[in-house]
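J.: Structure here, sequence nowhere to be found:
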């Protein structure tokens, strides 16, 4: 592969990670207007589905799936929906950049699950990465601060979101639907997750709320377009040009972007504790995903079908 294609691959991978890191920028202002969490997620998935549907129709790609595949996708949609609820809920207890950094712990969770259920050997590298991640969570959680309990609950929610991503990564390689085209698969995951959230909202918040104003509508459209559709399309494109390990390493731009946006545009604090925790978690993840030329199989499969 020539240098130009490789350079394009790095560009697409970086753009994918950066756009995914903009989730707090578009979601938190809408939540601050009073729109409840289920409705924000429903609109995110709805606008994301519309964008993906447009791409699929433009490509003239068939949307047909078999019944069995539909049931498997429904299972993944449940994981995805609950993970999204946990992540967005954590924004109520901690800065969005910190929450996104904690979400980026999913490679660490993946290693833990592989050790527990797939008998992967515990090496010094894995042990060091896990210890660094735990230390990073300690600093980001604000342990010992006046709002420590509140921050700790936010840590639990954000880490739970990362854990659900990791479960997805571990089980996906063993599912038949891994052979489906990435965009088509993600469209159905988002669509079914949206239906699940509509059902959830009908029982918890009285249904889907109306969009309160034009600014919120624009934010929701961008939420479905930029960190959902654009992030996914550029990710898939990057994987045709460069290796999965390089794509995963460039995924570090996700929390970096969220942290930068939170500090510069949303007035989130940058304390010494937050900075240390941020660096520890990034270091932990990089230790895991830079081993050799390839990633663990579950992480490779996840990268191809990530949001």
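T.: Ah, there it is. Remember, it's a predicted structure, so these values are computed and weren't measured experimentally.
J.: hey, let's count contacts and neighbours off CA atoms from now on
T.: Will do.
J.: ok, which stretches of the stretch 1-150 of the chain are helices?
T.: 3-20, 23-32, 37-58, 67-90, 96-103, 106-117, 124-140, 148-171 (DSSP state H, counting those that start in this stretch).
J.: Name the residues of the last one that come out as buried.
T.: By neighbour count on 16 or more other Cα atoms under 10 Å, the buried set for helix 148-171 is 150-170.
J.: average model confidence for it?
T.: Mean pLDDT, helix 148-171: 79.
J.: Can you spell out which helices and strands pack onto the next helix-or-strand element following that helix?
T.: Per DSSP states H and E, the first helix or strand lying C-terminal to helix 148-171 is helix 182-204. Helices and strands touching helix 182-204, as assessed by 3 or more Cα pairs under 8 Å, 6 or more residues apart in numbering; DSSP states H and E, comprise helix 37-58, helix 67-90, helix 231-239.
J.: all helices of the stretch 201-307 of the chain, in order?
T.: Going by DSSP H, counting those that start in this stretch, the stretch 201-307 of the chain shows helices at 214-224, 231-239, 244-250, 253-265, 272-289, 297-304.
J.: could I get those as CSV with distance to residue 110?
T.: Listed next are the helices of the stretch 201-307 of the chain as CSV, based on distance: least, Cα to Cα, whole Å:
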stretch, distance to residue 110
helix 214-224, 27
helix 231-239, 20
helix 244-250, 13
helix 253-265, 18
helix 272-289, 10
helix 297-304, 8
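J.: okay, now residue 266: neighbour count?
T.: 17 (other Cα atoms under 10 Å).
J.: what does residue 216 give?
T.: Around residue 216 there are 20 residues (other Cα under 10 Å).
J.: How about the one 3 residues further on?
T.: If you count neighbours by other Cα under 10 Å, residue 219 ends up with 18.
J.: residue contacts, it?
T.: 26, 27, 29, 30 (Cα atoms under 8 Å, 6 or more residues apart in numbering).
J.: who's in contact with the last one?
T.: So the one you mean is residue 30. Applying Cα under 8 Å, 6+ apart, the residues near residue 30 are 40, 216, 219, 220.
J.: And for residue 19, nearest residue in space, chain neighbours not counted?
T.: residue 227 (4.8 Å; Cα to Cα, 6 or more residues apart in numbering).
J.: what residues are up against that neighbour?
T.: Contacts of residue 227 (Cα under 8 Å, 6+ apart): 16, 19, 20, 21, 22, 23.
J.: Nearest to residue 232 among these?
T.: residue 16 (6.7 Å; Cα to Cα).
J.: can you count the residues close to that closest one?
T.: Once other Cα under 10 Å is used to define contacts, residue 16 is seen to have 30 neighbours.
J.: Report the distance from stretch 82-97 to the chain centre.
T.: 11 Å (Cα atoms, centre = their mean, to the nearest Å).
J.: Next, work out how far apart residue 201 and residue 164 are.
T.: 21 Å (Cα to Cα, to the nearest Å).
J.: Nearest to residue 133, out of the helices of the stretch 201-307 of the chain?
T.: So among the helices of the stretch 201-307 of the chain, helix 272-289 is nearest, using Cα to Cα, at 4.9 Å.
J.: Can you list the helices and strands that that closest one packs against?
T.: helix 96-103, helix 106-117, helix 124-140, helix 244-250.
J.: ok, now with 6 Å
T.: Applying 3 or more Cα pairs under 6 Å, 6 or more residues apart in numbering; DSSP states H and E, we find helix 272-289 packed against helix 124-140.
J.: Now the helix it packs on: buried residues?
T.: Buried-residue list, helix 124-140, by 16+ other Cα under 10 Å: 126, 129, 130, 132, 133, 134, 135, 136, 137, 138, 139, 140.
J.: per-residue confidence at the first one?
T.: In other words, residue 126. 74.
J.: could you redo the contacts of residue 227 as JSON lines and give each row distance to residue 74 and pLDDT?
T.: Output for these, formatted as JSON lines (distance: Cα to Cα, whole Å; pLDDT from 0 to 100):
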{"residue": "16", "distance to residue 74": "25", "pLDDT": "85"}
{"residue": "19", "distance to residue 74": "26", "pLDDT": "91"}
{"residue": "20", "distance to residue 74": "23", "pLDDT": "84"}
{"residue": "21", "distance to residue 74": "26", "pLDDT": "85"}
{"residue": "22", "distance to residue 74": "26", "pLDDT": "90"}
{"residue": "23", "distance to residue 74": "24", "pLDDT": "86"}
